[in-house]
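Undergrad: One predicted model, sequence on top.
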Amino acid sequence: KLDSSLAVAKRDSFSSSFGVLAATLGSAVGLGNIWKFPYLTGANGGAGFLLVYVLATLLVGLPVMIAEIMLGRRAKTDSVGTFKKLAPGTPWWLIGGFGVIAAFLIMAFYSEVAAWVLAYVFKAIAGSALSSDPAHTSAAFSQLIHDPIQSLLWQWAVLVLIGGILLMGVSKGIEAVTKKLMPLLFILLVVVGVRSLLLPGAGEGLRFLFEPDFSKISASVVLTAMGLAFFKLSIGMGTMLTYGSYFRDDQNIPATTLRVMTADLFVSMLAGIAIFPAVFAFGFKPEAGPSLLFITIPAVFANMPLGHLFMVVFFVLSAIAATGAMLSILEVPVSVLSERFGWSRAKATVLTLLALMAIGATAALSNSVLSGFKLFGMTMFDLFDYVTSNVLMPIGGIMLCLFTGWVWGPQRFREALSNNGKLANQPVLSVLFLVTRWVSPLLILVVMLKGLGVF
Ligand code: PHE
């Protein structure tokens, strides 16, 4: 078979079909659902933003994700090597190169949010952040992020933990961790959501989340929603190329992608239902920004029986969800470094993490010693968050669509996605191809340029 003859000798891969789904979902579901989705929805007007985000997921997210996994599986190598193999002697490998840069910048701020989550596990155990007084939960969070030593040490703890898991290898490390723990997160979110819905005044939160107010939608809001779609599905920066390379040849890529997308949206909705009723019931501001999760959730727990215990479990599960996502971000540079330069995985992992300690520190210290250091009016934390989702990943997405639509072509597209004709979905694939060739790249380009204020 073509696929296996292209494969690099002895690459690790996911060992079962369920493992593939769980690991891909493990990459998609993360702090994006419980931290970023609520904070962006809150800051950008609620339901209208949610609607645009869902549209972006369908029109742009889905086609890009399918194309990315498809190319990754075909080439079965790292994200730079994918294009060196599929289009030798062309500059398309730059897609992979930009992806590596994006991966570093995402990890730089993501590891800091994970650091807050980890710190909250301990705060939850100590019971110190648990309070239904908004002033108290806000103060607890700002005390943490304004302390440079704590911000930095928690981030290093996160990076060291992740390094340990990565060194165990793809299937054993990633698969084992994600497979066991995702279902628990779903269940806990349902519990918190139900509690939040029963708070007096919860209705206002639900209206905020589900009754669109289109006056809030501007070009930059649309760009933010599209950026969230990229970030959520881990696309446009090489993660899905790399995970695709671990996909089995008999895996149904479009069906797996659809399932991951649906489950991911579902988790975000649950997080929204857990957070927004509480925001309004306790008098928080929906536009609080990145602190939203950390100040509202403790207030919900403070109002429920066994709240102390549940809060510990909630932050432990959030930490685990963040882990699956971070493993998949790091997989991009680690696989490029080890397969391009022939380094051992151990060496590639250690050097990547050391580099991240340095770059990540600028994000970690963004609320304390470096709070005055701004580029384009943003701290390093905000800049990395903004630039990756709203510039780098969309550019990656455009290039992936162009490569798939114009270089890879309809014939190989249909072959690859139908597993050489074994899956009978040809008409759907023809439509999907046209969307990938024309609709998605043009849409991404227009939304990006307009949102950035270029025209
Ligand atoms: N999708 C992940 C989340 O929502 C973040 C992520 C982005 C993971 C890019 C991999 C690559 O948390």
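TA: Arrived safely, thanks for sending. Numbers count the residues shown, from 1 in each chain.
Undergrad: And stretch 213-220, end to end?
TA: Across its full length, stretch 213-220 reaches 16 Å between end residues, using CA to CA, to the nearest Å.
Undergrad: Stretch 205-223 now?
TA: The first residue of stretch 205-223 is 24 Å away from its last residue (CA to CA).
Undergrad: Just the buried residues of it, please?
TA: Judged by neighbour count using 16 or more other CB atoms under 10 Å, the buried positions of stretch 205-223 are G205, L206, F208, L209, P212, I217, A219, V221, V222, L223. Yep, even glycine has a C-beta here, placed from its N, CA and C like the rest.
Undergrad: possible to save those residues as a markdown table with secondary structure and distance to the ligand?
TA: What follows is those, written out as a markdown table (DSSP: H, G, I helix; E, B strand; the rest coil; distance: CB to the nearest ligand atom, whole Å):
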| residue | secondary structure | distance to the ligand |
| --- | --- | --- |
| G205 | helix | 22 |
| L206 | helix | 23 |
| F208 | helix | 22 |
| L209 | helix | 18 |
| P212 | coil | 23 |
| I217 | coil | 22 |
| A219 | helix | 23 |
| V221 | helix | 19 |
| V222 | helix | 19 |
| L223 | helix | 17 |
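Undergrad: wait, what's in contact with the residue in the chain that the ligand sits nearest to?
TA: The ligand sits closest to G32 of the chain, with a gap of 2.0 Å, by CB to the nearest ligand atom. Listed by CB atoms under 8 Å, 6 or more residues apart in numbering, the contact partners of G32 are L228, F231, K232, S268, A325.
Undergrad: V117 now?
TA: Each residue near V117 by CB under 8 Å, 6+ apart is listed here: L31, F315, S318, A319, A322.
Undergrad: Can you give me the buried ones in whichever strand or helix holds it?
TA: Element membership of V117, judged by DSSP states H and E, is helix 94-126. By neighbour count, with 16+ other CB under 10 Å as the criterion, the buried positions of helix 94-126 are 95-96, 98-100, 102-121, 123-124.
Undergrad: And for stretch 237-254?
TA: Within stretch 237-254, the residues that count as buried by 16+ other CB under 10 Å are 237-247, 251-254.
Undergrad: Can I get that stretch in PDB? Just the C-alpha atoms.
TA: Once side chains and other backbone atoms are set aside, the C-alpha atoms of stretch 237-254 remain, and they are given as PDB (Å, rounded to 0.1, in the frame of the first residue of the first chain):
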ATOM      1  CA  MET A 237      -0.200  25.100  13.000                       C
ATOM      2  CA  GLY A 238       0.800  21.500  12.400                       C
ATOM      3  CA  THR A 239      -0.800  19.600  15.300                       C
ATOM      4  CA  MET A 240      -3.300  17.900  13.200                       C
ATOM      5  CA  LEU A 241      -0.700  17.200  10.400                       C
ATOM      6  CA  THR A 242       1.400  15.500  13.100                       C
ATOM      7  CA  TYR A 243      -1.500  13.600  14.700                       C
ATOM      8  CA  GLY A 244      -2.800  12.700  11.200                       C
ATOM      9  CA  SER A 245       0.600  11.000  10.700                       C
ATOM     10  CA  TYR A 246      -0.200   8.700  13.600                       C
ATOM     11  CA  PHE A 247      -3.700   7.900  12.100                       C
ATOM     12  CA  ARG A 248      -4.300   4.400  10.900                       C
ATOM     13  CA  ASP A 249      -5.000   3.800   7.200                       C
ATOM     14  CA  ASP A 250      -8.400   2.300   7.800                       C
ATOM     15  CA  GLN A 251      -9.600   5.300   9.900                       C
ATOM     16  CA  ASN A 252     -12.500   7.300   8.500                       C
ATOM     17  CA  ILE A 253     -11.000  10.800   8.600                       C
ATOM     18  CA  PRO A 254     -14.200  12.900   7.800                       C
END
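Undergrad: does any bit of it sit next to the ligand?
TA: Yes. Stretch 237-254 lies within reach of the ligand by CB under 6 Å from any ligand atom, at M237, T239.
Undergrad: The buried residues of stretch 205-223 into JSON lines, with extra columns for pLDDT?
TA: Formatted as JSON lines, these follow (pLDDT from 0 to 100):
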{"residue": "G205", "pLDDT": "97"}
{"residue": "L206", "pLDDT": "97"}
{"residue": "F208", "pLDDT": "97"}
{"residue": "L209", "pLDDT": "97"}
{"residue": "P212", "pLDDT": "96"}
{"residue": "I217", "pLDDT": "96"}
{"residue": "A219", "pLDDT": "97"}
{"residue": "V221", "pLDDT": "97"}
{"residue": "V222", "pLDDT": "98"}
{"residue": "L223", "pLDDT": "98"}
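Undergrad: Nearest to G164 among these?
TA: Taking CB to CB as the measure, L223 is the one of those closest to G164, at 36.9 Å.
Undergrad: what residues does this protein put near the ligand?
TA: Applying the criterion CB under 6 Å from any ligand atom, the portion of the chain that neighbours the ligand consists of 27-28, 30-33, 106, 231-232, 234, 237, 239, 325, 328-329.
Undergrad: pretty sure I235 belongs to a helix, no?
TA: No. For I235, which was evaluated using DSSP: H, G, I helix; E, B strand; the rest coil, the result is coil, with no helix membership.
Undergrad: quick one: it and M393 touch, right?
TA: Yes. With contact taken as CB atoms under 8 Å, I235 and M393 are classed as touching, separated by 6.8 Å.
Undergrad: which strands and helices sit next to whichever strand or helix holds R73?
TA: Element membership of R73, judged by DSSP H and E, is helix 62-75. Contacts defined by 3 or more CB pairs under 8 Å, 6 or more residues apart in numbering; DSSP states H and E place helix 62-75 against helix 2-6, helix 79-86, helix 239-244, helix 253-281, helix 393-402, helix 409-417.
Undergrad: Nothing else from me, thank you.
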